[in-house]
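[1] no sequence for this one, just the structure:
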């Protein structure tokens, strides 16, 4: 039986990051993956959807410019979209394959061993690898479980990944669908609605069980995103329950029942289910090692990536924390450091930066205003509109805003930020650092920011909190605002 310092089951973003961090410690690592290294980070997930989003944005921007000048819009055949997707996927796949191959050479002391197959637990130190009717068992001092997740399916809807799709079936689309219904109004559903409406070839419908999309975010964000989607022809079925959805006579037919009792039947070409993801736990055989499920019963482990078995860790989508590529990688690296280092600080989830690839782009870190109300957290909030930011004016894209939330005291430590608009994702990480370090807002106020840049909006936010902004909220009342939020009540703060 071959022995390893670290066995990693799952070769997606989290598993791959764990294996690479193990190599940093000079440990003998076995990485087990049945399908393709990179997982949903490369295939049918982040890379695919973001490549589509970038392409669709370019098309929408160009056609907007052409329309404004009275010219005909351009047409990008789906074959060209498909080719670009394949190129992006191949590029990332090639990087992974070359990296793995070179790491298994003598030059790198053969620290990495890559095994193709299904990995399952035999005991707390033994893992069985199954592939092509063959099996073998290896031993590991430490084991990291990183098998990711899969799209959630509804028991009442027959998914064939051709006509009724999840995100795993996007690769099967052969042309722009003439019409598409998206079940689910969360981030992924709204991202795909943005993508297909941007291309301008598809009539998009979104089924939203609640009264607004993105219900976990502040209402000003969800309203702006919804308005832009509707301006692009997207129909949002608010307060709608899906009674049935089926492939019938060459079409998708779905029936809705609204909260007011009204029913509606609509036919479209394709349907996309976007109702969350399910962790891939079943094949791991965690019971063989005595690994317990989390308290919520849907994920593995509760204690800072470590399971109830001290040498076994669960990271990424298995951990049930935040199902994002960047978080999976951080959790995986953290688990390895816990396994091979002493006195490792616990992970903090207070400053996790996220991006929502919508129209406009939305970036988030820390808590939002809605959470402050729900959890009764007293705060001060400042909001600066994109229309007073020079870079936004230069780009002619002034729709958006910055919103910063700070503690309701003299220190005014940053607790969260939302950025909505062009380049929003480039402006978030600096605030994430301040949340982690508890640095005072004066650091941002006095820092010399590049000009013209979107991040100058952040500087203007903290200057307003300090009552020394360049633009005065008493003059631009509809562009700048600053208020306290205590017991759910907003009170304007006096500013020049």
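    It's in. Quick caveat, the model's predicted, so the values are computed rather than measured. Numbering: from 1, shown residues only.
[2] mind checking which helix or strand of the chain has the lowest mean pLDDT?
    helix 442-446 (a mean of 90; mean pLDDT, DSSP states H and E).
[3] Give me the helices and strands touching it, please.
    helix 429-437, helix 456-465 (3 or more CB pairs under 8 Å, 6 or more residues apart in numbering; DSSP states H and E). Bear in mind the C-beta positions are built from the backbone N, C-alpha and C, glycine included.
[4] can you redo those helices as JSON lines with mean pLDDT, distance to residue 33 and mean neighbour count?
    Listed next are the helices and strands packed on helix 442-446 as JSON lines, based on pLDDT from 0 to 100; distance: least, CB to CB, whole Å; neighbours: other CB atoms under 10 Å:
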{"stretch": "helix 429-437", "mean pLDDT": "92", "distance to residue 33": "30", "mean neighbour count": "18"}
{"stretch": "helix 456-465", "mean pLDDT": "95", "distance to residue 33": "40", "mean neighbour count": "24"}
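[5] Check which residues of the least confident helix or strand of the chain are buried.
    444-445 (16 or more other CB atoms under 10 Å).
[6] which intervals of this protein have sub-threshold pLDDT?
    106-108, 296-298, 496 (pLDDT under 70).
[7] SS state for residue 58?
    helix (DSSP: H, G, I helix; E, B strand; the rest coil).
[8] Kindly provide the distance from it to residue 72.
    According to CB to CB, to the nearest Å, residue 58 and residue 72 sit 17 Å apart.
[9] And for residue 64?
    13 Å.
[10] Give me the number of neighbouring residues for the nearest residue to residue 398 once chain neighbours are set aside.
    Leaving aside its sequence neighbours, residue 398 sits nearest to residue 387 (CB to CB, 6 or more residues apart in numbering; 4.1 Å). For residue 387, the number of neighbouring residues by other CB atoms under 10 Å comes to 15.
[11] hang on, residue 387 is in a helix, isn't it?
    Yes: the assignment for residue 387, made by three-state DSSP, places it in a helix.
[12] now the helices and strands packed on helix 442-446 as TSV including distance to residue 145?
    Below are these laid out as TSV (distance: least, CB to CB, whole Å):
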stretch	distance to residue 145
helix 429-437	27
helix 456-465	38
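[13] Where do the helices of this protein begin and end?
    According to DSSP state H, the chain carries its helices in the segments 13-24, 46-68, 78-103, 187-199, 219-231, 325-340, 369-374, 390-395, 429-437, 442-446, 456-465.
[14] residues making contact with the fourth one?
    Going back to what we said before, that points to helix 187-199. 49, 52-53, 56-57, 59-60, 76, 81, 167, 176-177, 180, 182-183, 202, 204, 206, 213-214, 225, 229, 232-234, 272, 274, 356-359 (CB atoms under 8 Å, 6 or more residues apart in numbering).
[15] With the second one instead?
    For helix 46-68, the external contacting residues (CB under 8 Å, 6+ apart) are 40-41, 72-74, 76, 81, 84-85, 88-89, 92, 167, 170-171, 188, 191-192, 194-196, 198-200, 232, 325, 357, 359.
[16] List only those of those flagged as buried.
    40-41, 76, 81, 85, 88-89, 92, 167, 170, 188, 191-192, 194-196, 198-200, 232, 325, 357, 359.
[17] one step back: residues touching the residue nearest to residue 398, list them.
    Contacts of residue 387 by CB under 8 Å, 6+ apart are 393, 398, 479.
[18] tell me which of the residues you listed is nearest to residue 467?
    The shortest approach to residue 467 among the contacts of residue 387 belongs to residue 479, at 16.7 Å (CB to CB).
[19] if you count residues, which strand in this structure comes out on top?
    strand 134-145 (DSSP state E).
[20] and residue 487, how many residues sit next to it?
    Residue 487: 7 neighbours (other CB under 10 Å).
[21] For residue 144, list the residues it contacts.
    Per CB under 8 Å, 6+ apart, neighbours of residue 144: 6-9, 15, 18, 312-315, 332, 335-336, 339.
[22] For it, name its beta-bridge partners.
    residue 8, residue 313 (DSSP bridges).
[23] Please tell me how far it sits from residue 277.
    20 Å.
[24] nearest residue to the residue nearest the centre of the chain other than its sequence neighbours?
    Geometric centre of the chain, nearest residue: residue 324, 4.9 Å, by CA atoms, centre = their mean. Excluding the flanking residues, the one nearest residue 324 by CB to CB, 6+ apart is residue 354, at 6.3 Å.
[25] distance of that neighbour from residue 375?
    Taken as CB to CB, the span from residue 354 to residue 375 is 19 Å.
[26] before we move on, back to that, for ChimeraX, what selects the buried ones among the contacts of residue 387?
    Command for ChimeraX that selects the buried part of those, burial taken from 16+ other CB under 10 Å:
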select :398,479
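[27] Out of the contacts of residue 387, which is nearest to residue 241?
    Closest to residue 241, out of all of the contacts of residue 387 and judged by CB to CB, is residue 398, at 37.8 Å.
[28] Is that closest one in contact with residue 390, as I believe?
    No: with contact defined as CB atoms under 8 Å, residue 398 does not reach residue 390; the gap is 10.5 Å.
[29] now residue 366, which residues is it bridged with?
    According to DSSP bridges, beta-bridge pairing links residue 366 with residue 416.
[30] ok, it - contacts?
    Counting by CB under 8 Å, 6+ apart, residue 366 has contacts 350-351, 405, 414-417, 431-432, 435.
[31] Just the buried residues of those.
    Counted by 16+ other CB under 10 Å, the contacts of residue 366 give 351, 405, 414-417, 431-432, 435 as buried.
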